[in-house]
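In: Compute the structure for the input listed below.
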Amino acid sequence: NTAARRRFFAFSPRPSRISAPSAAAMSPSHPTPPPPVVPVTHQTQTAKPRYRGGAEIHHRLIEGGCFVSESLDVKYDVTCDELESLQTRLQRRDPTMGLIDPSRLVTCGGDARDVARVTIHGGEELPWNTNTFDVFVYLAHLITENELFAHVFCDESESESDDDEDRKTEGTAGATSPSQVSQVPRNTTVLGSSPNGESSTDAFFADGSFTGTLLWDASLRLAGFVLRSHRFRNLLIGANVVELGCGVGLLGLVAKRCGSAICALTDRESLRTLCEDNIEAWRFVIDKETEDTKMVRRRDTKIENQNDDENLDVQVRPEGSGPQLFFCALEWEDERSVTQLKQRLHHKVDVIFAADCVFGTLFGSSEPLVAVLEKLSQPGTEIVIATERRPDDGLGSFRVAMHENFTREVLEITGPDGSEPGE
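Out: Next comes the predicted model:
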């Protein structure tokens with residue numbers, strides 16, 4: 001997603017042209033008119049959008065906007081009225097900011113979720129109807145009751161410590177001591193424990209795992225490209241597909257929509273709950289779509305031993321139905337997890353998707369990615385990689401490493417607005 005050069009122009013209306021008064025108008029019988037009032041013109045400038053270092057779609061979504069394209073639309077929603085906006089909670093790195101009722105946590109059976117409402121468009125040339133489904137994002141649904149209490153107490157501690165000096169001068173009690181805060185139990189069974197004893201949420205931000213809980217430009221652009229491409233839609237029919245670094249799993253869900261036989265969403269173990277929730281939400285939509293069409297009523301059919309006017313209900317099972325969409329924890333440098341994944345795919349991988357998996361400043365060297373691509377693929381495997389260009393992203397060294405065993409083809413380059421970038 002190469003940033004396009006943009007030009008902005010400012011226009012202002014010309015001042016109204018006012019004629020000088022005539023000689024007759026200047027005669028004594030005509031008092032001297034007051035000087036003409038020249039309208040004040042205000043130069044109107046086009047507001048230049050704030051450059052945020054890329055990820056334009058990501059920023060637009062968290063600010064309450066939407067992503068609209070010919071193949072899919074996306075908009076974020078917050079299902080719990082107690083939660084602060086997604087943008088605020090991301091900036092504060094507090095996924096449950098504003099929420100104090102633990103019963104509203106999903107882990108307690110509540111409804112506090114961040115949702116990306118995704119619409120995949122159908123059409124005359126597409127073998128499916130337009131449907132909308134929810135992709136759960138961010139961390140609110142992963143937070144446990146103890147994590148929520150830890151966040152609340154930490155916030156109270158910070159606000160009290162800000163006024164600590166004033167309280168001392170007034171002779172009042174100080175803020176809650178750090179030892180009191182550290183005694184709050186923290187359940188890290190969902191996100192995994194941290195070796196330093198820090199909260200699981202802090203660890204999730206520290207190692208960059210939080211990026212997998214959001215939708216980013218590269219995955220949205222790639223999903224739209226696949227849905228528009230006759231070549232890749234046909235390639236996915238009956239294919240075994242792997243999505244590396246799947247995050248919320250959008251590309252895998254799109255692949256399944258296009259007719260893949262087996263689709264494995266792979267990422268760190270900490271994202272399992274998120275992905276499995278999204279798989280269930282996706283299956284609910286597809287099952288409903290199938291239910292609407294699987295009862296075929298045949299009328300006026302002559303069947304032996306039945307009346308001619310009797311109706312017959314025939315159940316039609318979709319081809320390839322079954323639990324063929326799943327999440328699999330995959331550490332790229334763990335030989336065992338790679339072997340287990342290949343076994344579940346019957347040692348046959350046709351297509352591999354990877355969006356924003358090359359990002360040197362956040363994920364480090366791309367060597368583990370190159371290694372896992374070599375282990376999963378075989379001759380004929382199509383690997384589709386989308387990345388947003390960033391300073392020091394490491395894409396150059398990744399290309400060099402891939403050149404040894406793979407051939408490369410550039411499929412599409414887009415600017416921030418989705419069009420072909422300028423010079």
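In: quick one, strands of the stretch 301-423 of the chain?
Out: 312-315, 325-329, 351-355, 382-386 (DSSP state E, counting those that start in this stretch).
In: Which of those sits closest to residue 141?
Out: Closest to residue 141 of the strands of the stretch 301-423 of the chain is strand 325-329 (CB to CB; 14.9 Å). C-beta coordinates here come from the backbone N, C-alpha and C atoms, glycine included.
In: Excluding its own residues, what touches the longest helix seen in the chain? List them.
Out: Using DSSP state H to define each element, the chain has its longest helix at helix 272-294. With contact meaning CB atoms under 8 Å, 6 or more residues apart in numbering, helix 272-294 is reached by 128-129, 131-137, 141-142, 190, 212-213, 246, 248-249, 253, 256, 265, 267, 315-318, 321, 325-327, 329.
In: Please verify my assumption that residue 265 contacts residue 328.
Out: Yes - using CB atoms under 8 Å, residue 265 is in contact with residue 328, at 7.2 Å.
In: These two - which one has more neighbours?
Out: Between residue 265 and residue 328, counted using other CB atoms under 10 Å, the more crowded position is residue 265 (32 against 18).
In: Which of the three states applies to that one?
Out: Under DSSP: H, G, I helix; E, B strand; the rest coil, residue 265 falls in the strand class.
In: Then residue 73?
Out: Under three-state DSSP, the three-state class of residue 73 is strand.
In: Lowest average pLDDT across the strands of the stretch 301-423 of the chain?
Out: Per-stretch mean pLDDT for those is lowest at strand 312-315 (a mean of 34).
In: By mean pLDDT, which helix or strand of this structure comes out lowest?
Out: Counting by mean pLDDT, DSSP states H and E, the chain has its least confident helix or strand at helix 178-182, which shows a mean of 30.
In: What's the first helix or strand after that helix?
Out: Downstream of helix 178-182, the first helix or strand assigned by DSSP states H and E is helix 200-206.
In: Now residue 205: closest residue in space that isn't a chain neighbour?
Out: residue 93 (5.4 Å; CB to CB, 6 or more residues apart in numbering).
In: Over to residue 76: give its phi and psi.
Out: According to degrees, to the nearest 10, the main-chain angles of residue 76 amount to phi -80, psi 150.
In: Quick one: neighbours of it, just the number.
Out: Counted by other CB under 10 Å, the residues lying close to residue 76 total 24.
In: Who are the contact partners of residue 88?
Out: residue 97.
In: Just the buried subset of the contacts of helix 272-294, please.
Out: Neighbour counting with 16 or more other CB atoms under 10 Å marks 131, 133-137, 141-142, 190, 212-213, 246, 248-249, 253, 256, 265, 267, 325, 327, 329 as buried within the contacts of helix 272-294.
In: Restricted to helices, list those.
Out: Going by DSSP H, the helices hold 253, 256 from the buried ones among the contacts of helix 272-294.
In: Quick check, residue 71 in contact with residue 221.
Out: No - using CB under 8 Å, residue 71 is not in contact with residue 221; the gap is 10.6 Å.
In: Flag the shaky bits of the stretch 201-350 of the chain, pLDDT-wise.
Out: Where the stretch 201-350 of the chain drops to pLDDT under 70, the residues are 289-323.
In: What segments of the stretch 51-200 of the chain are helices?
Out: Under the criterion DSSP state H, counting those that start in this stretch, the stretch 51-200 of the chain carries helices at the ranges 56-62, 86-92, 145-162, 164-170, 178-182, 200-206.
In: In terms of mean pLDDT, which of the ones you listed ranks lowest?
Out: Least confidently modelled of the helices of the stretch 51-200 of the chain is helix 178-182, at a mean of 30 by mean pLDDT.
In: ok, residue 349 - contacts?
Out: 240, 241, 242, 342, 376, 377, 378, 381.
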